[in-house]
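Enquirer: Give the three-dimensional model of this entry:
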Amino acid sequence: MNSSEILIESECDPNFDPLFENLIYLVTAAYLSIGLFLHCSILKTILITDRSFFKDNSFFMLFAMDSLAMFFQSTFLIINDLFFGRVFMYIPQLCPIISPFFWTPSIFLKLSYVLNNHARFAKSVAQIFMVLNRMSCVMIPATYNTIWSKITPIACSLVFILPFTGLWNIIISRVFILSVRGGFGVSYIKAVPWASLSKFQSIFILTALLFTVICTTVTLYKLISLPGRIKSVEKSLCITSLSISSTFLLVAITQLLFAFCGGCQSDALYILQFLAFDTFTVGSAVIMMLTNKQLRSSLLSLTRTRGKVQNTITVTAMPSGRFST
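Expert: Next up is the predicted model:
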């Protein structure tokens, strides 16, 4: 019988305290909501509010692409976890009600799983281009802008296209739910046995990790040895890239454990991998805000503008020559 025709039931595990699991969700939802707000604010600033300033900086455009690719990539990851993935994992009360809807093949479940993993693959591709961007900034500052004005559109296209080289087996496979803690998560039955998702993710992440280590080393060396040749704004972006790269290391470590340590695989590692991606996804927006003065000023300018509008005094000339406020 074809796997797409099989009814796959998932039993809800009653051995977890529902209230404690709900507390975990509330904490998770709190920091994911902050990340969602920051990503949306940064996207609005880079692409709409202050586009005239940021459009010529390839690093900001790559970061924007990292959030935009495939339904707002980072933003989609957060929204999917907030309203689907973590809800049904950490709110066990919903498990017996909702899980039967996914015992049979579900287009919604497959679409959510494919888009979620596309966003994860795409973040690895975007990471490669962002560390290359920063390295080239300190290596060839004179021609850096000219080169990246041509590379950026290609890079943005590859961020969208390349993830499908690791997703094709999911697209043709049966996606189903499985018990995780008191709720459920999502997995799949491989249509092509050798083409596992973890293997492709490991290839992408290890490649990105290799680029990250090499480019970060070169960038650090140049920042230390040639501090006077690099503008302060570019130096700030280099620090931003280095900080984001450190969060990517957490993703790489958990992925390697998941792919190559058979005895390590458990609910704990499953959740730890989620937390690593949370740090990478939410952390990138937080780091951008904390380390870049121009972006921070742009995001805060709307509040200042509103304050000025509220404090404006209207002055009108009276017929007598006096003024009224």
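Enquirer: The stretch 101-250 of the chain: helices as residue ranges?
Expert: Remark: helices assigned in the stretch 101-250 of the chain by DSSP state H, counting those that start in this stretch are 107-139, 144-161, 164-171, 197-225, 232-260.
Enquirer: angle of the second one against helix 232-260?
Expert: Between helix 144-161 and helix 232-260, the angle comes out at 30 degrees (axes from the mean of the first three to the mean of the last three Cα atoms, to 10 degrees).
Enquirer: Repeat that for the fourth one.
Expert: An angle of 150 degrees separates the directions of helix 197-225 and helix 232-260 when computed by the same axes, to 10 degrees.
Enquirer: Could I get the buried residue list for helix 197-225?
Expert: Using 16 or more other Cβ atoms under 10 Å as the test for burial, helix 197-225 gives 197, 200-202, 204-205, 208-209, 211-212, 215-216, 218-219, 222-223. Where C-beta positions appear, they are placed from N, C-alpha and C, glycine not excepted.
Enquirer: other SSEs contacting that helix?
Expert: The helices and strands touching helix 197-225, judged by 3 or more Cβ pairs under 8 Å, 6 or more residues apart in numbering; DSSP states H and E, are helix 107-139, helix 164-171, helix 232-260.
Enquirer: looking at those, which one has the lowest mean pLDDT?
Expert: Mean pLDDT is lowest for helix 232-260 among these, at a mean of 77.
Enquirer: what is the orientation angle of that one with helix 107-139?
Expert: Going by the same axes, to 10 degrees, helix 232-260 makes 130 degrees with helix 107-139.
Enquirer: which stretches of the stretch 201-325 of the chain have low pLDDT?
Expert: Residues of the stretch 201-325 of the chain that meet the criterion pLDDT under 70 lie in 226-237, 294, 302-325.
Enquirer: just to revisit the earlier point, which one of the helices of the stretch 101-250 of the chain lies nearest to I177?
Expert: Minimum separation from I177 across the helices of the stretch 101-250 of the chain (Cβ to Cβ) falls at helix 107-139, 7.2 Å.
Enquirer: Convert the C-alpha atoms of stretch 133-151 to PDB, please.
Expert: Extracted C-alpha coordinates of stretch 133-151, given in PDB (Å, rounded to 0.1, in the frame of the first residue of the first chain):
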ATOM      1  CA  ASN A 133      29.800  40.300   2.100                       C
ATOM      2  CA  ARG A 134      31.600  41.300   5.300                       C
ATOM      3  CA  MET A 135      34.900  39.700   4.300                       C
ATOM      4  CA  SER A 136      34.900  41.400   0.900                       C
ATOM      5  CA  CYS A 137      34.200  44.700   2.700                       C
ATOM      6  CA  VAL A 138      37.500  44.600   4.600                       C
ATOM      7  CA  MET A 139      39.500  42.800   1.800                       C
ATOM      8  CA  ILE A 140      38.600  45.000  -1.100                       C
ATOM      9  CA  PRO A 141      36.900  48.200   0.300                       C
ATOM     10  CA  ALA A 142      37.600  50.200  -2.900                       C
ATOM     11  CA  THR A 143      35.500  48.000  -5.200                       C
ATOM     12  CA  TYR A 144      33.300  46.400  -2.600                       C
ATOM     13  CA  ASN A 145      30.100  48.400  -3.400                       C
ATOM     14  CA  THR A 146      30.500  47.900  -7.200                       C
ATOM     15  CA  ILE A 147      31.000  44.200  -6.900                       C
ATOM     16  CA  TRP A 148      28.100  43.600  -4.500                       C
ATOM     17  CA  SER A 149      25.700  45.700  -6.500                       C
ATOM     18  CA  LYS A 150      26.000  43.000  -9.200                       C
ATOM     19  CA  ILE A 151      26.200  40.000  -6.800                       C
END
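Enquirer: mind listing what's buried in it?
Expert: For stretch 133-151, burial by neighbour count (16+ other Cβ under 10 Å) applies to 133-138, 144, 148, 151.
Enquirer: Stretch 110-118 too?
Expert: Residues of stretch 110-118 classed as buried by neighbour count (16+ other Cβ under 10 Å): 110, 112-118.
Enquirer: what do you get for stretch 187-195?
Expert: Neighbour-count burial for stretch 187-195 flags 187-188, 190-191 (criterion: 16+ other Cβ under 10 Å).
Enquirer: Also stretch 161-179?
Expert: For stretch 161-179, burial by neighbour count (16+ other Cβ under 10 Å) applies to 162-163, 166-167, 169-170, 173-177.
Enquirer: between those, which is closest to F101?
Expert: Nearest to F101 among those, counting by Cβ to Cβ, is I177 at 9.4 Å.
Enquirer: so the closest one touches T104, yeah?
Expert: No - the criterion here is Cβ atoms under 8 Å, and I177 misses it with T104 at 10.9 Å.
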